[in-house]
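>>> for reference, the sequence and a predicted model appear below.
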Amino acid sequence: MSAQNIFLIGLMAVGKSTVGRQLAEALKMPFFDADEEIERRAGAEISWIFDVEGEIGFRQREAAIIDELTQQQGIVLATGGGAVLLEENRRCLAARGIVIHLDSPIEKLIARTRRDTKRPLLQGSDPAAKLRELQQQRGPLYAEIADHRVLTDQRGVGAVTRKILKLLERRKSHQEARS
């Protein structure tokens, strides 16, 4: 495989970080998780950043990280679920790599996040309603920039990774045939 960047987008709990790590390992590429990078650089958890700086402050940090990381070559990047909200992030992701939208039915995401206390946006009284709202708001933005969409609901991490590897191989073969 060439040193093309691969960016994983999708709602929280679809498996971006887990799949991203395995995909990077299979491709022998460095892996970055945007949320982990933000926490590492801030020296604080995302929930604290949300509490102190609000979502706007968090999104500014996220935009800076995405701009910086997408300028590298040959990385796998798992973005935060809301990274697509800012047009500048969508532009960076779409222009600088292959964008894979990991998707799952909302019921699966509700089950996966049921006891999660680390996701600031789900700390209200009705996390399921919030997930549905996020899906409705962000779904079109994911579709706008995605080169591929991969369902993660019925497959384990290994199967999802293999599916993405096949898509990438097909894409590479198609590009080579055109040149």
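Ah, there it is.

>>> lowest average confidence, helix or strand, in the protein?
Within the chain, no helix or strand scores below helix 106-113, which has a mean of 85 by mean pLDDT, DSSP states H and E.

>>> which of the residues in the next helix or strand along the chain from that helix are buried?
As assigned by DSSP states H and E, the chain's next helix or strand after helix 106-113 is helix 127-145. Across helix 127-145, burial judged by 16 or more other CB atoms under 10 Å covers 127, 130, 131, 134, 135, 138, 141, 142, 145. Where C-beta positions appear, they are placed from N, C-alpha and C, glycine not excepted.

>>> stretch 44-63 now?
Those would be 46, 49, 50, 58, 59, 61, 62, 63, for stretch 44-63 by 16+ other CB under 10 Å.

>>> just name the closest of the buried residues of helix 127-145 to residue 109, please.
Set against residue 109, the nearest of these by CB to CB is residue 131 (5.5 Å).

>>> pLDDT of the helix or strand harbouring residue 159, averaged?
Following DSSP H and E, one finds residue 159 within helix 157-178. The pLDDT scores in helix 157-178 average 91.

>>> same for it, what does it pack against?
On a contact count with 3 or more CB pairs under 8 Å, 6 or more residues apart in numbering; DSSP states H and E, helix 157-178 meets helix 16-27, strand 98-103, strand 148-151.

>>> can you pull the contacts of residue 155?
Contacts here follow CB atoms under 8 Å, 6 or more residues apart in numbering; on that basis residue 155 touches residue 163.
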